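K.L.:
Could you work out the structure for the sequence below:
(2 chains)
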Protein chains: 2
Amino acid sequence: MDINQKSINYLKALSAETVSHANSGHTGSAISGSPILYALFKDHLKFNPKDPKFLGRDRFVMSAGHVSALLYSTLHLFGYDISMDDLKKFRTCGSKTPGHPEYEPELGIETTTGPLGQGVANAVGMAIGETMLASRFNTKDLPIIDGYTYCYTGDGCLMEGVAVEACSLAGTLNLNKLILLYEDNNITIDGARTLANNDDTAKKFEAMGWNVLLVKNGDDYASCSKAIAAAKKSNKPTIIIFKTIIGIGTSKQGTSKVHAYPLPEEELKAFKATLGIETSFEIPADVYENANLSVQRNIAYNNAWISLLNRYKEKYPDKFKELSSLWKPKKINYQKILDNLLKEPAMAGRDYSSLVLNAVGSVNTAIVGGNADLIASTKAFIKDGGIYSKENRSGRTVCFGIREHAMGSVSNGLALYLGTPVFDSTFAMFANYMLPSLRMRSMMGLPIVSVLTHDSIDIGQDGPTHQPIETLPTLRTIPRYTVYRPATPAEVVAGYKQFLDNPKPTAMVLTKSKISNYPASTIENAERGGYVIHETAKNPEIIIFATGTDVSLAIEVANKLSVSTRVVSMPCESIFASQETAYKNKVLLKSAKLKVAIEASNDTLWYKYVGENGLIIGVNDYQTSGNGKEVYKNAGFDADKIANKINKLIKNV
Amino acid sequence: MDINQKSINYLKALSAETVSHANSGHTGSAISGSPILYALFKDHLKFNPKDPKFLGRDRFVMSAGHVSALLYSTLHLFGYDISMDDLKKFRTCGSKTPGHPEYEPELGIETTTGPLGQGVANAVGMAIGETMLASRFNTKDLPIIDGYTYCYTGDGCLMEGVAVEACSLAGTLNLNKLILLYEDNNITIDGARTLANNDDTAKKFEAMGWNVLLVKNGDDYASCSKAIAAAKKSNKPTIIIFKTIIGIGTSKQGTSKVHAYPLPEEELKAFKATLGIETSFEIPADVYENANLSVQRNIAYNNAWISLLNRYKEKYPDKFKELSSLWKPKKINYQKILDNLLKEPAMAGRDYSSLVLNAVGSVNTAIVGGNADLIASTKAFIKDGGIYSKENRSGRTVCFGIREHAMGSVSNGLALYLGTPVFDSTFAMFANYMLPSLRMRSMMGLPIVSVLTHDSIDIGQDGPTHQPIETLPTLRTIPRYTVYRPATPAEVVAGYKQFLDNPKPTAMVLTKSKISNYPASTIENAERGGYVIHETAKNPEIIIFATGTDVSLAIEVANKLSVSTRVVSMPCESIFASQETAYKNKVLLKSAKLKVAIEASNDTLWYKYVGENGLIIGVNDYQTSGNGKEVYKNAGFDADKIANKINKLIKNV
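P.N.:
As a prediction, this is how the structure comes out:
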């Protein structure tokens, strides 16, 4: 038998038995996708299992994350640090082989996938990242950045809006080194794909500016490989439609039954028999040797790439230095940035944010990002950096269009490719369109700040559809996600400082309205996440917690009270909660007679700080469309009213 | 001047001055979209401002919600209860004319819009609803249900994934009475549409199975009207692409500057002068009379429709009775349903849910819904109701495909059209894909239950991408949204009972794993939202709050403690919070020495119940892929460990 066919057979068997051994997972596409993934790794993908993260590699994304068994088997076959034993630990606690692929570039896993559509959008982001780096650093003679982004996808991903949004963007941006490998088996969990989706996929992608290739028999290695070769030559992004039969060779082939069906022992045996395989979790030496040919060719490529880079270093020492410095920490004088802000008349949070982003962006030139068609509103863009487009690959701001979800996931891909700080931006309310992507970036710990403006009901006239009420608590519940809501210019600066000091998934939730400055609001204080911003006299008996614009109101309330009152500004609760106990105790004033929280948002968080007997001024229902100040006041955010409430409560203590 | 042109001119002027008067809002498309909306209302839409909710009407959705000024002006012109004075109150508190249209069918506002893409998907749902009702009730001679769904959309909506998902579904389902009116002005806020979107829209829609019509001059009334007439005859859903110049006639026409630009006094005057208009907020009698021709024709249509319905009532009394009874409360014996459940061996929450949904669905035959390609997993479908498809319009379960967001928004449209209970369903984790649609349905108070299964980290092997941690708190923070997490069969029944007794936006968050029954868990108790499910002895000193599967663990913990302990099951915190104080006090055991909460979820909610000194066993970080029980235990959900913690804390009290 041809060694390629033999290798594919073993890949199919290994993938299927990985699922069967775990008695959990997805067999169908792990079998039918084998020839596609084999052709990619054997003949095309530039990778190096011995130095998996080398910059010159291609990127491969398994967007159909449930097809993880095939990914792990392939990575095993092609020399990555995934052993037979690891495959046997598939879907067990602490294994290298979880149910869905989890970001681990050392193992060849370039992004976490599972929630459908995310991987496709990640791949678009990676492809954008590649063009940005290439445009900035490549010279005509020494193209050091020259990688493809491949993405394996199934029906599920391509039905998801986030993927279609991202593909529309990819066509617009003409990302010709992006190649989607679409395993078109025409089956979804509920049955035939046509139950829910009768798209002419080829035509749809053509309409979005893509090159479309069709492989009529996706089970045929040669056809698969040939199509990928053709895709690489395209001057547009390419989707290759591989027609396959899901779970081909099993008794349930071509039906939805085989999708998530671990083959029982006898069926597995019968299936392997059709492939001429009797062993379990064994691969013959000639199959390994054949795969190793690709590994060796790729190691040679990696070495050639290093030579290229060395010639680049010699010939273009400044550019090389610039490249190497991309990933090094930058010295930024944040105090000076703040001092400059304070020279200006008071501005809105979004304006301060814009100035800070541009100030840090002029020092850290690695910072890139984009906006969901709200550049003039959220003001998140790099002014001198230009707009990224197919004509201007060095633009630093991507126009994502009215596609918040894709923005989130494409930004994830951008951060995965570049490894440097990225921003994205929309209205705070529309963070809910991006939520799945925010979760993925949090899981991966990606260096992305979301600039989310129009943070409160006080935006007023756009009405309840645009007034965030539950946005802050929603973002705060995402594990490993940092949520800032700055009250002052210093807190805006501190938010960016903490993001850039240790870039991780962060939201800057900013006002549309003017914010104030207070003497106690220093960068150092703000970096604590929560601090005393105001105290009306010594030995306070009341403590008021607030964030953002509500801090000014809290201070106004405090000044109206006859009892000494402390106001705590808490721009970032999670950072405050992580401070040492002594500091927290100092701020929290546990002895307070009354604890109050003021935040124009769902109130859930604040029980933690004010206890069962405290007072929370929050917003738990939709408000109306009207003048912002009026809406704010109508919702109970009125200094006199709040002061009265507090006075009444204090009497009863 | 031709009266139609004159009417359009006044509509343009009125829309522009509505925005200018408020000094807030969106002028651009309110002007350029005027001929389209005028043509629709003048010549095609079946509506009746004197009986706005009559069943036989067409539906109109303004998906580009920011174009609200045009919508209100049009409704004013065509006799709805929106006065000139109301237009002058545009975007002020308490007005009938909020910044974005808010659901008010009496005023001709069929859905709330603003967040882009939602309206398009709502329209798809309405069109599905129409076919369902038509298929069930129409006879060949008396087609009582025969309405079109029109939807006005701009670039923004059509870039959003949710709209593309919904349009792909609409094509698949061949909803030929759905007509999208696409005002293609080629401008978005950031500038030219092509910055971010270079789709061939016509081709893209053809690929999705749509009929595509082009109107080269969208400013020409006759062309607009003719195209709508053609669309009505199509045997496919139709998109009409109206090429327009945004803000046509203003000094900033054709640029993004006019998008959200209230024309200043002088510019407004100059613009109106080009239309031959000198007055403000005035419409000449002949323009009103001309509009009234359409109103009168439509009133006649409405009367004819009533005659049709009367003939139907005479000829098909049983069918008429069935139709009328759709919206009447149904008597359902919930106790009997529960008794039947309890006869079976213990099952998972999702299985109980499936049995209850089918039991209530056999009595209340109005219930329809759909599933995002997880029928076999979430088990949310009407078994005997068939799958809805273009061939089977009477199917009661729609296969939404792998499109959770569209599912949410299409279901909103379905509920808006039908006004009867609707369900939708996916994994709990993927509720985050649907979030914007859940918010919209909550704002509108729509009768939809989301069946969300796989509710906890204990699903195990699919790993962190599929394990909900922040889903419960996220859903709980949506204003006016009811979130159930049942622990017992009775709680599952109670959740459905409360939903059907007073249908409003609800999530049923259900286990994949088996749940138990407890004697105290009656429907009546469960309907309280929280109740004492277990007490180890009289005069308890410890109280443990829990939900869902965690209730069993809480009871296990209680039974291990030497101190008398009360366990409270809280399937629905918002309902519990709304109980009378006496009941709450009785349950809450304020005197407890120690308050504990156990929920395998982000812990934010529970501070409210356990206070600052309580113990919360929650999950605030991603867990691993592995055996479900192991994952659960590793996260700290272990009876012995928790009992030990409690014993230590109790000693210190």
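
K.L.:
And the residue of the stretch 101-250 of chain A closest to chain B?
P.N.:
Closest residue of the stretch 101-250 of chain A to chain B, C-beta to the nearest C-beta: residue A:161 (2.0 Å). C-betas here are computed from N, CA, C, even on glycine.

K.L.:
which one is that residue nearest to, not counting chain neighbours?
P.N.:
Among residues not flanking residue A:161 along the chain, residue B:161 sits closest, at 2.0 Å (C-beta to C-beta, 6 or more residues apart in numbering or on different chains).

K.L.:
Now do the contacts for that neighbour.
P.N.:
Going by C-beta atoms under 8 Å, 6 or more residues apart in numbering or on different chains, residue B:161 touches A:160-165, A:403, A:405-406, B:117, B:405.

K.L.:
quick one: which of those residues is nearest to residue A:583?
P.N.:
Here the nearest of those to residue A:583, counting by C-beta to C-beta, is residue A:405; it sits at 38.5 Å.

K.L.:
The closest one: helix or strand, and which one exactly?
P.N.:
Using DSSP states H and E, residue A:405 falls within helix A:404-418.

K.L.:
Wondering if that helix reaches chain B at all.
P.N.:
Yes - interface with chain B: helix A:404-418 contributes A:404-406 (C-beta under 8 Å from any C-beta of the partner chain).

K.L.:
mind checking pLDDT for the residue nearest to residue A:161?
P.N.:
Turning to residue B:161, the model gives it a pLDDT of 98.

K.L.:
and the gap between residue A:125 and residue B:62?
P.N.:
In this view, residue A:125 and residue B:62 are 33 Å apart by C-beta to C-beta, to the nearest Å.

K.L.:
Those two: which is more packed in?
P.N.:
residue A:125 (33 against 29; other C-beta atoms under 10 Å in any protein chain shown).

K.L.:
which stretches of the stretch 401-550 of chain A have low pLDDT?
P.N.:
For the stretch 401-550 of chain A, no stretch is flagged by pLDDT under 70.

K.L.:
can you give me the helices in it?
P.N.:
Residue ranges of the helices in the stretch 401-550 of chain A, as given by DSSP state H, counting those that start in this stretch, are A:404-418, A:431-444, A:471-476, A:489-501, A:523-526, A:550-560.

K.L.:
Tabulate those helices in a markdown table, adding columns for mean neighbour count.
P.N.:
Listed next are these as a markdown table, based on neighbours: other C-beta atoms under 10 Å in any protein chain shown:
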| stretch | mean neighbour count |
| --- | --- |
| helix A:404-418 | 30 |
| helix A:431-444 | 26 |
| helix A:471-476 | 26 |
| helix A:489-501 | 26 |
| helix A:523-526 | 20 |
| helix A:550-560 | 23 |
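
K.L.:
Dump these to TSV, plus distance to residue B:318.
P.N.:
Listed next are the helices of the stretch 401-550 of chain A as TSV, based on distance: least, C-beta to C-beta, whole Å:
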stretch	distance to residue B:318
helix A:404-418	47
helix A:431-444	45
helix A:471-476	49
helix A:489-501	66
helix A:523-526	71
helix A:550-560	60
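
K.L.:
low-scoring pLDDT stretches of chain A, where are they?
P.N.:
Chain A contains residues with pLDDT under 70 at A:653.

K.L.:
follow-up on the earlier one: closest to chain B among the residues of helix A:404-418 next to chain B?
P.N.:
residue A:405 (5.5 Å).

K.L.:
any idea how far the closest residue to residue A:520 other than its chain neighbours is from residue A:608?
P.N.:
Nearest residue to residue A:520, sequence neighbours excluded (C-beta to C-beta, 6+ apart): residue A:533, at 4.9 Å. To residue A:608, residue A:533 is 19 Å away according to C-beta to C-beta.

K.L.:
who's more crowded, those two?
P.N.:
The residue with more neighbours, out of residue A:533 and residue A:608, is residue A:533; 28 against 19, by other C-beta under 10 Å.

K.L.:
need the contact list for the residue in the stretch 451-600 of chain A positioned nearest to chain B.
P.N.:
In the stretch 451-600 of chain A, no residue comes nearer to chain B than residue A:465, which is 3.3 Å away by C-beta to the nearest C-beta. By C-beta under 8 Å, 6+ apart, the residues touching residue A:465 are A:429, B:65, B:100, B:102, B:112-115, B:440, B:443.

K.L.:
same thing with residue A:492?
P.N.:
Counting by C-beta under 8 Å, 6+ apart, residue A:492 makes contact with A:341, A:349, A:352-353, A:356, A:486, A:508, A:510.

K.L.:
of all those residues, which comes closest to residue A:389?
P.N.:
Looking across the contacts of residue A:492 and measuring by C-beta to C-beta, the closest to residue A:389 is residue A:353, at 24.3 Å.

K.L.:
How about that closest one, nearest residue that isn't a chain neighbour?
P.N.:
The shortest distance from residue A:353 to any non-neighbouring residue, by C-beta to C-beta, 6+ apart, is to residue A:510 (5.1 Å).
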